[in-house]
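**Q** Predicted model, plus sequence, below.
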Amino acid sequence: MRPTLRARPGRSRLLGPTLVGLGSCLLLLGLLVRFYAYPALARVPANYDSTSNLAGTGVQVFDTDPSVLKPVTTDLSVSAHIVAGDYPDAPQGVVVWADSTTVTRADGTIVQRSTELAPFDAVSGVASTYPVGFSSETEGRRDAVQRSGQIYKMPFDTRQQDYQWWDGTIGRATPAVYTGEGTVDGLKVYTFVQTIAPTAVDTVDVPGSVFGSSAPSVKATMMYGMKRTITVEPATGSPVNLVEQRDQYLTYGGRQVPAFVGTVAFTPETTASLVDSLRSKAMVLSAARMALPLGLGLVGLVLLVAGVVVGRRPVARTETPETRELVHA
């Protein structure tokens, strides 16, 4: 019987499949990071709970005390506590935030208290039509509000473009215009400016004496204007600073009386806290969205191609007298 030669597989024959397998795993891992891990990270957390503080100096507010009934100039502090609500019946991807805001004068007098329930998309930040009962409560008055545009934040992966931003006083969203890129304590940020021209928003009964009238009461028009500057970290879409230049006044018979005129902004402590908390989140999101999937994909592709090339390369055999004899037998 003629003997049969069985060649022992060389290392290159094992290396090729190994490289192909490793490359395929890295390609798959890159896809999982981009299309599974990133979407899971790029959404508002269900247990969100945060307090932001704003402050303003030399703000004119109307003192409604019957013994005063005139504008006073004071420093203001604004505290906004936001917490995610528990709404298991909300549509997929919709979250509801409860926002309790208190505006306080320097002497401790509370100027205004308000509460809002706002549903919005957890990824895009755009207002949702999901009903939540009352939407806004100010001084005991509850209103149903249908919001639109961005409410509390820009989308994850914010772009250098204009967005519609909600304003609760006029009851509609208007453009927040992209004005440029910058940094806050080394953190990359985008800035948007929303400008609202003076607009009549309400008619209120006011003692005639406020306008120098002898009438017991007059119907004054509440005018409102706003320049709102929103500075956001683009990977998360979260604001790191907010500046509101408000121009709100009562008008009657050609006369104007300030109701709320001045500027309030995030305190330095609030901005510093937000920057610290967003810095690591932005790095993780940016890596998961682009850098990590791209890196894994490129390395995986290189290994895959190398494995195919190595696997197809012929293996050199060393012929010995014994194998020569077997081959030519």
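**A** Thanks, I have it.
**Q** Pull the contacting residues for Y38.
**A** L285, A288, R289, P293 (CB atoms under 8 Å, 6 or more residues apart in numbering). Heads up, the C-betas are built off the backbone N, CA and C, glycines and all.
**Q** how about 6 Å then?
**A** A288, R289 (CB atoms under 6 Å, 6 or more residues apart in numbering).
**Q** what about it, is that helix, strand or coil?
**A** helix (DSSP: H, G, I helix; E, B strand; the rest coil).
**Q** how close does it get to L278?
**A** Using CB to CB, to the nearest Å, Y38 is found at 17 Å from L278.
**Q** Repeat that for T51.
**A** 16 Å.
**Q** Those two: which has the busier surroundings?
**A** Taking other CB atoms under 10 Å, T51 and L278 do not tie; L278 has more neighbours (22 against 12).
**Q** per-residue confidence at the more buried one?
**A** pLDDT, L278: 95.
**Q** any idea which element it lies in?
**A** In the assignment (DSSP states H and E), L278 maps to helix 268-286.
**Q** So which bits of that helix are buried?
**A** By neighbour count with 16 or more other CB atoms under 10 Å, helix 268-286 contains the buried residues T270, T271, S273, L274, V275, L278, A282, V284, L285, S286.
**Q** contact partners of it?
**A** Outside helix 268-286, the residues touching it (CB under 6 Å, 6+ apart) are 41-42, 52-53, 184-185, 187, 233, 235-236, 238, 240-241.
**Q** Toward the C-terminus, what is the element adjacent to it?
**A** helix 292-312.
**Q** re earlier: please write out the alpha-carbon positions of the helix holding L278 in PDB.
**A** What follows is helix 268-286 as a C-alpha-only set of coordinates in PDB (Å, rounded to 0.1, in the frame of the first residue of the first chain):
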ATOM      1  CA  PRO A 268     -21.300  81.100  39.500                       C
ATOM      2  CA  GLU A 269     -21.800  78.200  41.900                       C
ATOM      3  CA  THR A 270     -24.600  76.700  39.800                       C
ATOM      4  CA  THR A 271     -22.500  77.000  36.600                       C
ATOM      5  CA  ALA A 272     -19.400  75.500  38.200                       C
ATOM      6  CA  SER A 273     -21.400  72.600  39.500                       C
ATOM      7  CA  LEU A 274     -23.000  72.000  36.100                       C
ATOM      8  CA  VAL A 275     -19.700  72.100  34.300                       C
ATOM      9  CA  ASP A 276     -18.200  69.600  36.800                       C
ATOM     10  CA  SER A 277     -21.000  67.200  36.400                       C
ATOM     11  CA  LEU A 278     -21.300  67.500  32.600                       C
ATOM     12  CA  ARG A 279     -17.600  67.200  31.800                       C
ATOM     13  CA  SER A 280     -17.300  63.400  32.300                       C
ATOM     14  CA  LYS A 281     -20.700  62.800  30.800                       C
ATOM     15  CA  ALA A 282     -19.700  64.700  27.700                       C
ATOM     16  CA  MET A 283     -16.500  62.700  27.300                       C
ATOM     17  CA  VAL A 284     -18.300  59.400  27.600                       C
ATOM     18  CA  LEU A 285     -21.100  60.400  25.200                       C
ATOM     19  CA  SER A 286     -18.600  61.800  22.600                       C
END
